[in-house]
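Undergrad: Generate coordinates for the sequence data below:
(one chain, ligands or ions: 1)
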Amino acid sequence: MAKILIIDDEETVCQSMSLVGKRAGHETSCARTLAAGCQLASEGDFDLVFLDVRLPDGNGLEMLPRLAQAPSKPEIVIMTGYGDPAGAELAINSGAWDYIEKGSSVKDITLSLVRALEYRKQKLSLSGRQEVVALKRENIIGNSPALTACLDAVARAAVSDAGVLILGETGSGKELFARAVHQNSKRSDRPFIVVDCASLPETLVESLLFGHEKGAFTGAEKARDGLISQAHGGTLFLDEVGELPFATQKAFLRVLQERRYRPVGGQRELESDFRLVAATNRNLNQMVEAGTFRSDLLFRLSTFVIELPPLRERSEDIKELARYYMDKFCENNGLSPKGSCPEFMETLQAYSWPGNVREFINTIERTVLTAREQPVLFAQHLPTQIRVQVTQSAVNHHEIAAAPPQLSPPSQLPKLNDFRDNVYTQAEKQYLCDLMALAQNDIATACNLSGLSQSRLYALLKIHDLHRST
Ligand SMILES: Nc1ncnc2c1ncn2[C@@H]1O[C@H](COP(=O)(O)OP(=O)(O)OP(=O)(O)O)[C@@H](O)[C@H]1O
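TA: Alright, predicted model coming up:
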């Protein structure tokens, strides 16, 4: 059972929010002014505070930092007036967990409450470590701090219905993250409709988005639903939103504001209730300055902004990604799982991946197919241009590092036995990698060269995770 504090001057709001909290099995308290709310928060052990913005003795947002610093460090959900995207943005930027519109349905309030408490439970159980909320992250591989922060942002965005803008270089996972926002939202059982703005033909863009009536233009033999209508109840994902023609941006803004639109050639206005997620690798702020993107549309799109880091900035994720996709491609191609040498991973980690995860996946697939039945992957299995780039940058790096080092005694040393064991293990692994490379992965040759028995060699390969099929 959690403790919830509701700060609102309206009796009816306090009562209905209290009811929702109690029905979900929690204890609730109410305060009608900011001063009373702050007092209660400083004395009580609250997990969650629902905070109104306009209160008789001040603005809730201004008090948010103080409330968040109460001894129990509660999660805070802001309650805004109906249709106030500016208030929503301000709430999130001020560090609130979420915002809800006053008069939201019981389902929406409960969802926000449940997710905020889930987040808190996990946060507390991780005793302050910066980790992600439990969320469906199917197919999103990696646990680097940068990726974890993005998953955290997905969790926050998923509980609300506000616009999400996902920024990132090509192939960095924008569509994957857009799907994650949808899959974790209350709309997950409704459609996820993708609009690739870069490939919308300019002449047909409005009819594709809004649909058209029969005979609306030459070739319109039957009436057709547009993508906006198909997204009703679900999520509309505008990929490459920077490519949306300027004229269409205006029409689209109107749909976002009013949730109403008119099919091409139609008389009647139709309604669609969709959640918008957009993505781009362009700098939309610069486009606004250049007059090619509408600032009001950008404002609407970007209540939540998720910035995906390029793969080269999160090389901690590379081993996990490599393991996942090596196993996947082996399985898809009926091959036994493969091991890999340290140099293989080091080369993957040192490369700059301009095409990000997409390029990485293609490379792993190609490498697995090149190695076919060979049980261990070596750096030599990787495409030449990758090895060349890594070698060149290593050479440059050495040149820079060639300056005489400033020797200073180390501040810490491991125990001698640990140090020796570590060196021994690394040397043994290196030997096995070299051995398997020299023997071209042939076990009998490797036994001959090393003097090891076959069972000992298999055992060592297994210990070092170099031969995962044994
Ligand atoms: N963290 C990740 N874990 C596993 N696979 C990923 C990850 N990020 C991206 N991918 C995979 O990489 C590929 C490219 O991702 P996606 O299409 O989402 O990128 P994008 O940023 O939308 O690309 P573009 O800008 O070219 O449209 C997809 O196959 C996706 O599943």
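Undergrad: Show the contacting residues for the closest residue to the ligand within the chain.
TA: At 2.8 Å from the ligand, residue 173 is the closest residue in the chain, using Cβ to the nearest ligand atom. To be clear about C-beta, it is placed using only N, CA and C from the backbone, and glycine gets the same treatment. Taking Cβ atoms under 8 Å, 6 or more residues apart in numbering, we find residue 173 in contact with 140, 308, 356, 357.
Undergrad: Most neighbours of all those, which one?
TA: For the contacts of residue 173, counting by other Cβ atoms under 10 Å, the largest number of neighbours falls to residue 308: 25 neighbours.
Undergrad: wait, doesn't that one sit right on residue 177?
TA: Yes. Taking Cβ atoms under 8 Å as the definition, residue 308 is a contact partner of residue 177 at 6.5 Å.
Undergrad: Quick check: neighbours shared by those two?
TA: Joint contacts of residue 308 and residue 177 (Cβ under 8 Å, 6+ apart) are 150, 166.
Undergrad: hmm, back to that, just put the contacts of residue 173 in CSV and tack on distance to residue 302 and pLDDT.
TA: Formatted as CSV, the contacts of residue 173 follow (distance: Cβ to Cβ, whole Å; pLDDT from 0 to 100):
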residue, distance to residue 302, pLDDT
140, 22, 94
308, 15, 96
356, 22, 96
357, 23, 97
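Undergrad: want to throw those residues into CSV with secondary structure and distance to residue 464?
TA: Listed next are the contacts of residue 173 as CSV, based on DSSP: H, G, I helix; E, B strand; the rest coil; distance: Cβ to Cβ, whole Å:
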residue, secondary structure, distance to residue 464
140, coil, 29
308, coil, 34
356, helix, 30
357, helix, 27
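Undergrad: and those residues near the ligand, which?
TA: 140, 357 (Cβ under 6 Å from any ligand atom).
Undergrad: Spatially, which two of the contacts of residue 173 are the most separated?
TA: Spatially, the most separated pair among the contacts of residue 173 is 140 and 356, at 13.6 Å (Cβ to Cβ).
Undergrad: ok, back up a step: how near is the residue of the chain closest to the ligand to residue 163?
TA: Distance check for residue 173 against residue 163: by Cβ to Cβ, to the nearest Å, it reads 19 Å.
Undergrad: What parts of the stretch 151-300 of the chain come near the ligand?
TA: With Cβ under 6 Å from any ligand atom as the criterion, the stretch 151-300 of the chain meets the ligand at residues 168, 170, 171, 172, 173, 174, 175, 176, 239, 281.
Undergrad: Export those residues as CSV, with columns for secondary structure and pLDDT.
TA: Compiled in CSV, those are given as follows (DSSP: H, G, I helix; E, B strand; the rest coil; pLDDT from 0 to 100):
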residue, secondary structure, pLDDT
168, coil, 95
170, coil, 93
171, coil, 95
172, coil, 96
173, coil, 96
174, helix, 97
175, helix, 96
176, helix, 97
239, strand, 95
281, coil, 94
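Undergrad: Pick the one among those closest to residue 4.
TA: Nearest member of these to residue 4, counting by Cβ to Cβ, is residue 176, at 34.2 Å.
Undergrad: part of a strand, is residue 387?
TA: No. Read with DSSP: H, G, I helix; E, B strand; the rest coil, residue 387 is helix and lies in no strand.
Undergrad: Do you know the pLDDT at it?
TA: Looking at residue 387, its pLDDT is 86.
Undergrad: burial count for it?
TA: By other Cβ under 10 Å, the residues close to residue 387 number 17.
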